[in-house]
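Enquirer: Build me a model:
(chains A and B)
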Amino acid sequence: MNLGIRRTLDRVFTGLTGASIVLLMLVLVAVLGPMIYRGSGAVLFGGTIEFRKMQRDLFNRADRAALEAEIAEADRARQVVYDMIDRFKKGIDIATMSSEAREINREYGRELRYRDVASEEYTEAREVARIIRDKLEEAFSSQDIALIRANVAEVLAQKDEARFKGTVAERFFSLATDFLDAAEHIDLSHYHDYLVALDEVEVILFGSIEHPGLLGPRPNQSARPLAMTSYGATRWDRAQALLDRLLWAEKWVEKEPGQPLVKARSPRAALFHDTALEPLFAYVPEHLNEMLRPRFTVYWQFFIDDNFDSHYFGGVGPEIIGTLLITVVGMLFVVPLGVISAAYLVECASEGPIMRILRMSINTLAGVPSIVFGLFGLAFFVLFLFPKLGFEPKACILAASLTLAVLTLPVMIRASEEAIRTVPRSYKEGSLALGASRFRTFVTVTFPAALPGILTGVILSLSRIAGETAPILFTGAVAMGPVPKSIFDPTRTLSYGSYDMAVGDRLAMMVPHNQYGMVLTLIVLILVLNAVAIVLRSRVFKKLKGH
Amino acid sequence: MPEKDKPMPATAAYSQATKSDIRMMVTLGSRSAPDSKSPPAACVCPVIRSNGFSLYYGTKAGVRDITMDIHPCTVTSIIGPSGCGKSTFLRSINRMNDLIPHVRTEGLLEVDGQNVYDKRTNLVNLRQQVGMVFQKPNPFPKSIFDNIAYGPRLQGIRRKEELHHIVEQSLKAAAIWDEVKDDLRKSALALSGGQQQRLCIARALATRPRVLLMDEPCSALDPIATGRIEDLIGQLQSTYTIVIVTHNMQQAARVSERAAFFCLGELIEYDRTEKIFSNPAKKQTEDYVTGRFG
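Expert: So this is what the prediction gives:
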């Protein structure tokens, strides 16, 4: 081959190597980039006033005086929304209005008795009130605008009667006015549609017992059992999503007969065209800032906080503790076991059919799906071994760690074996020639010299143990529960938590930042653990090299 | 390379030895310091005695029917072409061949009257009696101090002062003390090749052996380092019985008093070095030393 071709080939090879490195880094960025971007949302975000309220109530963490002032400000902005909705309701909600009319009538009667009026007067006043009530009820239940106008006019004719001045009955007239005002603007034959649409708006704005709303429950509403529905949008991005839902109604429509349904968006304001509620859809986006008062928030407590309502609020503190516990306990098993096995394989075992089978088993074990190990752990450690040893046969950290140790044992053995095998023979000979026994030689010379390689095995199994989900599914992980007190308690972990959020329910769709945050925490945790091991390894390596 | 063409007489080596060396000889060795007046060759009863000793790797013979006596306080060199069993025989003396599977021995090999291949032989004691220096310097990846103290610690010596004393004496005896005394905590791997080999010799000396086996100790070193090691061997021969395997015939002529010529696993000739190199009894030996063969 001539020199020119050789040189060209060389260059191509170098170029390919460089390109593959660049590609690898791009892949790394492509994988980690979105993780970091989305995961950091759990810690860095625009926190609204609802977030600060939640922090105050659930974690007892706030500048109370300042927060109270802020809440008062926000409530002023929100009052407009409340008023608009109440006003609109007066024209629509027949059941409520009828019962209100009856209530006014009853109260008026009570008031008359209390005022001790003459009996004829009393009878007459009661009679008039009853007529007003009936007229109103007739108007409420009617869909004929002419009848409504007539009835309301008749009711309002009584407005200037002296006997009603300054009494509860005055509310009849405001009720009548409001109703007529609303009724003039809507198609009464569809009042039911308005009710449904209004209900939707209310759920989006104030939430319901199961849906968190944009602003949270109204001040006079009764408390809700779940923390997640007791507060409005705590995050600005979540608020934007809810605002979008408020402004746009989504509907599945059939575009062509026989075709699959498609989602169609239409402005929700159109549903309330020309009614008292229409301005709401202009007011809310314009004043959302004042109502929620977002502020850039660094929620570093994400890493120490417990969570509420399956990670709707709060952080991953217990998960981090659980992951660390499982990892540490697992490493306590896998490292000694792996090193001893590797030492046996290299130093003591003589090659033969049994060794071949053993080696093959180890290699095969490395390829077994992790869920198999999970079931093995349940069957062997939890159900078989624990009762024999007198432990309670329940999923716990110990069982999970043991299962993970078995899972990563092949990796550990292979890495340690390689490390021990590559220790120069001359080290061993030197030690043996000085009269050291084989055990002593291994402990004082071979093992320290193999330590960097063994630490590589530690790094590999560490990442595996900290990140595995399937093996701990049945052996020690729970989705919720207290922080473990001993290794005989089950625990929450980051890996299982992410899995649970993914399969659990609709929550993960509402709080993807928490899911990504959990995964990012896991990645960072593994990176930190690895970094410690890598620093340790390089120090050992330097020491061995004699620098 | 120092201009040292013939082996340094033991008396000269002894007179060169420092006072502390002598003290060490007294404290370390169970034997008395060699008498400066009588040359080492005058010691009569052999330290290593091999009588019809053979060693087989499976069915292949490594060495066959070796009969030779190695006398105390002499340097004995073993020469011969590659694969002739020099190293095998040397490693048989402290049973380093045990590591190789399927090794079998026949005949008698004694060190200090003790059968090496007896089942009751305490391997630890044997290897402390018979120190070994390898072809490639093989200090442990530990500090200089820990390297030297490795053997004494195996013997159960724990006291700091005692260890320090032994380390100092061993390093002085191996003529490397002055180069490393300032930084005994430094890693042994940071030393140069020649220093490392002298360190290995010091390490071997620290267990107070009677015999020092050297398996081509200079083959990985440059001429200057080789010269240093050869000087050292000259100094040590007054105290230790040294068996050295070498490919370098000039070296054998320079350092040893007696020489054994091995070929194809057999001992061809064993005599005083001058005789082997000037007037060998066997044709094969003559061919080898004159360069006509091998």
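
Enquirer: how about the helix or strand containing A:Ala342: buried residues?
Expert: Assigned by DSSP states H and E, A:Ala342 belongs to helix A:317-343. The neighbour-count check on helix A:317-343 (16 or more other CB atoms under 10 Å in any protein chain shown) flags A:317-331, A:333-335, A:337-339, A:341-343 as buried. For every residue, glycine as well, the C-beta is placed using N, CA and C.

Enquirer: try stretch B:111-126
Expert: So, applying 16+ other CB under 10 Å, buried residues of stretch B:111-126: B:Val111, B:Asp112, B:Val116, B:Tyr117, B:Leu123, B:Val124, B:Leu126.

Enquirer: Columns secondary structure and pLDDT on top of those residues, output as CSV?
Expert: Formatted as CSV, the buried residues of stretch B:111-126 follow (DSSP: H, G, I helix; E, B strand; the rest coil; pLDDT from 0 to 100):
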residue, secondary structure, pLDDT
B:Val111, strand, 89
B:Asp112, coil, 86
B:Val116, coil, 87
B:Tyr117, coil, 88
B:Leu123, helix, 85
B:Val124, helix, 84
B:Leu126, helix, 88
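
Enquirer: Return the member of the residues you listed nearest to B:Val75.
Expert: Taking CB to CB as the measure, B:Val75 lies nearest B:Val111 of those, at 16.9 Å.

Enquirer: Grab the nearest non-local neighbour of the closest one.
Expert: Nearest residue to B:Val111 in three dimensions, chain neighbours excluded: B:Ile48, at 5.5 Å (CB to CB, 6 or more residues apart in numbering or on different chains).

Enquirer: quick one, phi psi at A:Glu250?
Expert: Main-chain dihedrals, A:Glu250, degrees, to the nearest 10: phi -110, psi 140.

Enquirer: Need the pLDDT of the residue in chain B positioned nearest to chain A.
Expert: The nearest approach of chain B to chain A comes at B:Ser187, 3.0 Å away (CB to the nearest CB). pLDDT for B:Ser187: 87.

Enquirer: Pull the number of nearby residues for it.
Expert: 21 (other CB atoms under 10 Å in any protein chain shown).

Enquirer: Isn't it up against A:Lys543?
Expert: Yes - if you go by CB atoms under 8 Å, B:Ser187 and A:Lys543 touch, sitting 6.9 Å apart.

Enquirer: Mind listing the shared neighbours of the two?
Expert: B:Pro141 (CB atoms under 8 Å, 6 or more residues apart in numbering or on different chains).

Enquirer: Please, where are all the strands along the chain?
Expert: Answering for chain A, as no chain was given. A:44-47, A:248-253, A:262-267, A:295-298, A:307-308, A:313-314 (DSSP state E).

Enquirer: not quite, I wanted chain B
Expert: Going by DSSP E, chain B shows strands at B:48-57, B:60-70, B:75-79, B:103-111, B:114-115, B:130-133, B:211-215, B:241-245, B:258-263, B:266-272.

Enquirer: ok, A:Ile534 - how many residues close by?
Expert: 14.

Enquirer: let me fix that: A:Val483
Expert: Around A:Val483 there are 14 residues (other CB under 10 Å).

Enquirer: measure the nearest residue to it once chain neighbours are set aside to chain B for me?
Expert: Using CB to CB, 6+ apart and skipping the chain neighbours, the partner closest in space to A:Val483 is A:Pro318 (4.7 Å). Distance of A:Pro318 to chain B, given as CB to the nearest CB, to the nearest Å: 43 Å.

Enquirer: That'll do, ta.
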